[in-house]
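[1] Dropping the sequence and predicted coords here.
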Amino acid sequence: MDAPVTSRAGVLADTPLVKVDGVSRTYHKGGGNDLLVLQDVSLQLRANEIVSLLGRSGSGKSTLLRIIAGLMPPTRGTVEIDGEKVDGPAAQIAMVFQSFALFPWLTVLQNVEIGLEAQGIAPDERKTRALAAIDLIGLDGFETAYPKELSGGMRQRVGLARALVVHPKVLLMDEPFSALDVLTAETLRTDLLDLWAEKRMPISSILMVTHNIEEAVLMSDRILVFSSNPGRVAAEIRVDLPQPRNRLSPHFRQLVDNIYARMTARQIGRREGNFPGTGIAMVLPDISTNELSGLIEAIAAAPYHGKADLPLIAGTLQMEVDELFPIAETLQLLGFAEVAEGDIRLTDPGMRFANAEVDERKKRFGQLLVANVPLAAHIKRVLDERPTHRALVSRFRDELEDFMSEEFADQTLRGVIQWARYGEVFAYDEDAGVLSLDNPT
């Protein structure tokens, strides 16, 4: 009989290392409806694999990571690590954060040692293991440096060493490269993949949160695509490309295109289904009219001439999912564009806007805003009906807070007010907090 296959951390390869079963997470809000962030999420992480949780900000990916690590409890559902239910911080888990999270008053060596100290490891062993981890991630010679002396990439390497030194079975990474510049992120990504391929890291599996589609394809064996409002696993994609992967290969590009198509089909399938809520209770993004106009102009110009492949234009404009999708969704909400299957196409109003002069653009924008955004139409109707044609903005904020949090109410009002001012639908006196039809500029 053949011996069972084990992972690099000694775990049976056919046994789920992490099992998430029916996990939901709700945040309770005083005076408002509870916010459901995650809904019925189930997934498994096996040994010897890198899995990415891919989705936009607000889809609950980071919340799920913290639930798996035992840093917060689920509202419903369970998490098991190596067959044991998670109830509090899990010893088998280590986490790398986006923000480095180093103690500025400690040296590199002391920052790496701190997790071992919490475990009660003897000083000599702590130092030996910490030095080995520092050497492993390429910071040998900086043991006595303080975080302020290090670049962003070096600080993230310290965070990685601090996670690895405790010899976890699972390494959780929450957008570990997003705070770095492009070249530094690419170098750290490559180094991490090299260490993984050479089996030099004392871990069995990696679970990573990202909103960068190319990063997910570059690093992962599997990608779990999350939808939003609330967060759910919308698709699972297996990446069978051999490592190291070439971003320019046809197979790589095709997979990226397919993921864009999946995400746009789920997220931007219906004009009114892009944002949570309906009618005036729809939560809207705070997207500037400059961003909206800029994307329209980019799509209308050569080489796109009104229709663009989202991955291609994202690369051209150096935009990621979190930046591009909200602008594209807003253009679709307003009727300037249609987005589906990984493409964005300007509608006739969108093309006319692109070719119009400034005053004509503002007029067309205002017309589409009132026609397609219920809150804008509601505010204008109230102002039209009042003899003074004026109203306190707090009147509408209070109305929105019956349906959403204060934060989302402020965000929604900011977005609608700036769109309305651009389209000369109504004016806003910020000092007085008053909306009006007087000189709407």
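    Perfect, thanks for sending it.
[2] helices or strands up against whichever helix or strand Arg381 is part of?
    Following DSSP states H and E, one finds Arg381 within helix 374-385. Packing partners of helix 374-385 (3 or more Cβ pairs under 8 Å, 6 or more residues apart in numbering; DSSP states H and E): helix 358-372, strand 390-392, helix 393-400, helix 406-422, strand 434-436. All C-beta spots, glycine's among them, are computed from the backbone N, C-alpha and C.
[3] Kindly reformat those as a markdown table containing mean pLDDT and distance to Gly55.
    Formatted as a markdown table, the helices and strands packed on helix 374-385 follow (pLDDT from 0 to 100; distance: least, Cβ to Cβ, whole Å):
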| stretch | mean pLDDT | distance to Gly55 |
| --- | --- | --- |
| helix 358-372 | 91 | 26 |
| strand 390-392 | 89 | 38 |
| helix 393-400 | 88 | 26 |
| helix 406-422 | 88 | 19 |
| strand 434-436 | 90 | 35 |
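[4] Tell me which of these approaches Leu64 most closely.
    For those, proximity to Leu64 was assessed by Cβ to Cβ; helix 406-422 is nearest, at 21.0 Å.
[5] Now that closest one: buried residues?
    Using 16 or more other Cβ atoms under 10 Å as the test for burial, helix 406-422 gives 408-409, 411-413, 415-422.
[6] got it, and stretch 218-236?
    218-235.
[7] distance between it and the chain's centre?
    Mean-position distance between stretch 218-236 and its chain equals 11 Å (Cα atoms, centre = their mean, to the nearest Å).
[8] start to end distance for it?
    Length of stretch 218-236, first residue to last, Cα to Cα, to the nearest Å: 16 Å.
[9] before we move on, back to that, okay, the angle between the helix holding Arg381 and helix 393-400?
    Put simply, helix 374-385 runs at 140 degrees to helix 393-400, going by axes from the mean of the first three to the mean of the last three Cα atoms, to 10 degrees.
[10] Contacts for helix 374-385, please.
    Here helix 374-385 makes contact (Cβ atoms under 8 Å, 6 or more residues apart in numbering) with 279-280, 282, 284, 369-371, 389-391, 395-396, 400, 412, 416, 419-420, 425-426, 435-437.
[11] can you list the helices and strands packed on helix 374-385 in JSON lines and add distance to Ala133?
    Output for the helices and strands packed on helix 374-385, formatted as JSON lines (distance: least, Cβ to Cβ, whole Å):
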{"stretch": "helix 358-372", "distance to Ala133": "55"}
{"stretch": "strand 390-392", "distance to Ala133": "58"}
{"stretch": "helix 393-400", "distance to Ala133": "49"}
{"stretch": "helix 406-422", "distance to Ala133": "39"}
{"stretch": "strand 434-436", "distance to Ala133": "58"}
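[12] Just tell me which of the ones you listed ends up closest to Gly88.
    Closest approach to Gly88 among those (Cβ to Cβ): helix 406-422, 29.2 Å.
[13] so what secondary structure elements neighbour the closest one?
    Using 3+ Cβ pairs under 8 Å, 6+ apart: helix 406-422 touches helix 289-300, helix 358-372, helix 374-385, helix 393-400, strand 427-429.
[14] 6 Å instead?
    Helices and strands in packing contact with helix 406-422 are listed as helix 374-385, helix 393-400; criterion 3 or more Cβ pairs under 6 Å, 6 or more residues apart in numbering; DSSP states H and E.
[15] CA atoms only: put the longest one into CSV for me.
    Backbone C-alpha positions of helix 374-385 (Å, rounded to 0.1, in the frame of the first residue of the first chain) are rendered in CSV as follows:
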residue,chain,number,x,y,z
PRO,A,374,-34.1,58.2,-7.8
LEU,A,375,-32.5,60.2,-5.0
ALA,A,376,-31.6,63.1,-7.4
ALA,A,377,-35.1,63.1,-8.8
HIS,A,378,-36.5,63.0,-5.3
ILE,A,379,-34.5,66.0,-4.1
LYS,A,380,-35.4,68.0,-7.2
ARG,A,381,-39.1,67.2,-6.8
VAL,A,382,-39.0,68.4,-3.2
LEU,A,383,-37.2,71.7,-4.2
ASP,A,384,-39.7,72.2,-7.1
GLU,A,385,-42.7,71.8,-4.8
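[16] buried sites along it?
    Buried-residue list, helix 374-385, by 16+ other Cβ under 10 Å: 374-380, 382-383.
[17] quick one: that helix to chain centroid distance?
    With Cα atoms, centre = their mean, you get 33 Å for helix 374-385.
[18] Which parts of the chain belong to which domain?
    Per automatic domain parsing, the structural domains of the chain span 16-264, 281-436.
[19] sorry, back to before: to Thr144, which of the helices and strands packed on helix 374-385 lies closest?
    helix 406-422 (42.7 Å).
[20] Now do the closest one against helix 358-372, angle only.
    140 degrees.
[21] starting at the chain centroid, how far to helix 406-422?
    22 Å.
[22] could I get that helix in PDB with only the CA atoms?
    Extracted C-alpha coordinates of helix 406-422, given in PDB (Å, rounded to 0.1, in the frame of the first residue of the first chain):
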ATOM      1  CA  GLU A 406     -24.600  57.400   8.700                       C
ATOM      2  CA  GLU A 407     -21.400  56.700   6.700                       C
ATOM      3  CA  PHE A 408     -23.300  55.500   3.700                       C
ATOM      4  CA  ALA A 409     -25.800  58.300   3.900                       C
ATOM      5  CA  ASP A 410     -23.100  60.900   3.900                       C
ATOM      6  CA  GLN A 411     -21.300  59.100   1.000                       C
ATOM      7  CA  THR A 412     -24.500  58.800  -1.000                       C
ATOM      8  CA  LEU A 413     -25.400  62.500  -0.500                       C
ATOM      9  CA  ARG A 414     -21.900  63.700  -1.400                       C
ATOM     10  CA  GLY A 415     -22.100  61.800  -4.600                       C
ATOM     11  CA  VAL A 416     -25.500  63.000  -5.700                       C
ATOM     12  CA  ILE A 417     -24.800  66.600  -4.700                       C
ATOM     13  CA  GLN A 418     -21.700  66.800  -6.700                       C
ATOM     14  CA  TRP A 419     -23.300  65.200  -9.700                       C
ATOM     15  CA  ALA A 420     -26.300  67.500  -9.400                       C
ATOM     16  CA  ARG A 421     -24.100  70.600  -9.200                       C
ATOM     17  CA  TYR A 422     -22.200  69.600 -12.300                       C
END
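[23] which outside residues touch that helix?
    Contacting residues not belonging to helix 406-422 are listed as 283-286, 289, 369, 375-376, 397, 400-401, 426, 428 [Cβ atoms under 6 Å, 6 or more residues apart in numbering].
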